[in-house]
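Participant: Build the 3D model from these lines:
(one chain, ligands or ions: 1)
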Amino acid sequence: MNSDFEIFMEAELRKLEEEGLYNQIRSLQGPQGAWVKINGKEVLNFSSNNYLGLANHPETVKAAKKALDLYGIGPGAVRSIAGTMTLHQELEERLAHFKKVEAVLTFQSGFKANLAVIPALVGKSDTIYSDELNHASIIDGCRLSRAEIKVFPHGDLDSLQGLLQEKTNGRKLIVTDGVFSMDGDIANLPGLVELAEEYNCLIMVDDAHGEGVLGSHGRGIVDHFELHGRVDVEIGTFSKAIGTVGGCAAGSERLISYLKQKARPFLFSSAVTPPDVAATIRSIEILSKDDSLVKKLWSNGDYFKQQMKKTGFDVGESQTPITPVMIGEAQVASAFSTRLFEEGVFAQSIGFPTVPRGKARIRVMISATHSRDDIDFALGKFKKLGEELGILR
Ligand SMILES: Cc1ncc(COP(=O)(O)O)c(C=O)c1O
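Facilitator: Model (predicted):
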């Protein structure tokens, strides 16, 4: 490789290491569960988005195996050229029913769903209003669209209204995360919907961390606020609570017909594999029938947060099971995470650019699969290391 680039990359990597921001990727020697095996050692898993344990649920695994026999492993090509498997259509119909919308289109991931939908809806002469803490895939989707992007301070509806009052031409889109994944707070979707209606904007919510968590049976943020029919586009991802891989856009029949003709990742990239689709269908069936996993997730999250607060940790303003344990400096958060791992708890530190500088944290992802003993084990370790590293005094 060109030596200028070698030197550039080496310097960037060294800088990340010095700042405590170098991302150490752990190798899992087995499935995502409440406990995972890393370097031959069983550690408590507080890092995965597998909120409900569906990533390794016997029923989803069984459905994936069956789909392999019936449909094979690959989709062949993009759906608009090779034809679409009935399995993908079945998933889209089931999702539409589950989310109480007219229609759904699936994509290869949640990230791709945002890259697909935003540039299809707005372009050069249009305006996007985007929360400053929106996920990277929303930010990239906005940039790809070439629309003017007006970023409003996190959750600040007054500032948003100020921006909406400025004169613009073209179409307008308000876009927000549903649950903000680094803090666990929930967007004020009713307020955003009202502003969208008042200022004639399209409203889009990315419900990646709300699906399987919020609303009846985990139907998501729109159900949580009973806003059915008032949110134009719901983005979903299957890689969190649903336990598989894939993404989707949900909305009106017309929106979905339009996206099938215009969304580039749908038109130019192959669909998710049949086993993933079948497992996703099974996850939706499990959720529809029984909300006990969702309830367990919430009781585990509430218990962990309460106990951490009692111990003296700052766990931010989370309104969901996501628990940010606020540390401050990235180096300290990184050292905390390393010591937790040595003590048997796998909980990642998160620093800049994922969260602002000086707001590094350990992000704890509780799951329905954790037992009370698991959580108590972790609480003991957090207390011990909080004292050891001078975070608890
Ligand atoms: C809000 C949000 N949108 C999209 C994504 C991307 O989802 P996927 O993993 O399906 O690409 C994530 C995952 O981190 C997310 O948190």
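Participant: Could you check how far the residue of the chain at minimum distance from the ligand is from Gly155?
Facilitator: Minimum separation of the chain from the ligand (C-beta to the nearest ligand atom) falls at Gly110, amounting to 2.7 Å. For glycine as for every other residue, the C-beta is placed from the backbone atoms N, C-alpha and C. Gly110 sits 21 Å away from Gly155, taking C-beta to C-beta, to the nearest Å as the criterion.
Participant: Check what pLDDT Arg357 gets.
Facilitator: Looking at Arg357, its pLDDT reads 88.
Participant: Spatially nearest residue to the residue of the chain closest to the ligand (excluding sequence neighbours)?
Facilitator: Leaving aside its chain neighbours, Gly110 sits nearest to Thr237 (2.7 Å; criterion: C-beta to C-beta, 6 or more residues apart in numbering).
Participant: distance of that neighbour from Val294?
Facilitator: From Thr237 to Val294 the distance is 17 Å (C-beta to C-beta).
Participant: more crowded one of those two?
Facilitator: Between Thr237 and Val294, counted using other C-beta atoms under 10 Å, the more crowded position is Thr237 (27 against 22).
Participant: which ones are touching the residue of the chain closest to the ligand?
Facilitator: 137, 206, 208, 235-239, 247 (C-beta atoms under 8 Å, 6 or more residues apart in numbering).
Participant: quick one, longest helix in the chain?
Facilitator: helix 292-311 (DSSP state H).
Participant: so what secondary structure elements neighbour it?
Facilitator: Applying 3 or more C-beta pairs under 8 Å, 6 or more residues apart in numbering; DSSP states H and E, one finds that helix 292-311 contacts helix 274-289, strand 322-328, helix 372-388.
Participant: residues of that helix that come out buried?
Facilitator: 293-294, 296-298, 300-301, 303-305, 307-308 (16 or more other C-beta atoms under 10 Å).
Participant: quick one: which of these is nearest Arg230?
Facilitator: Of all these, Arg230 sits closest to Val294, with 23.3 Å by C-beta to C-beta.
Participant: quick one: the longest helix of the chain to strand 322-328, angle?
Facilitator: Counting by axes from the mean of the first three to the mean of the last three C-alpha atoms, to 10 degrees, helix 292-311 lies at 30 degrees to strand 322-328.
Participant: Quick one: distance of helix 292-311 to the chain centre.
Facilitator: 19 Å (C-alpha atoms, centre = their mean, to the nearest Å).
Participant: residues in contact with it?
Facilitator: The contact list for helix 292-311 (C-beta under 8 Å, 6+ apart) reads 51-54, 212-213, 217-218, 286-287, 315, 318, 320-323, 325, 364, 366-368, 370, 372, 375, 378-379, 382-383, 386, 392.
Participant: Doesn't Ile7 lie inside a helix?
Facilitator: Yes. The assignment for Ile7 by DSSP: H, G, I helix; E, B strand; the rest coil puts it in a helix.
Participant: Give me the buried entries from the contacts of helix 292-311.
Facilitator: If you count burial by 16+ other C-beta under 10 Å, the buried members of the contacts of helix 292-311 come out as 51-54, 212-213, 217-218, 286-287, 315, 318, 320-323, 325, 364, 366-368, 370, 375, 378-379, 382-383, 386.
Participant: Would you mind naming what in the protein lies close to the ligand?
Facilitator: By C-beta under 6 Å from any ligand atom, the residues of the chain that approach the ligand are 109-111, 135, 137, 177, 181, 206, 208-209, 237, 239, 247.
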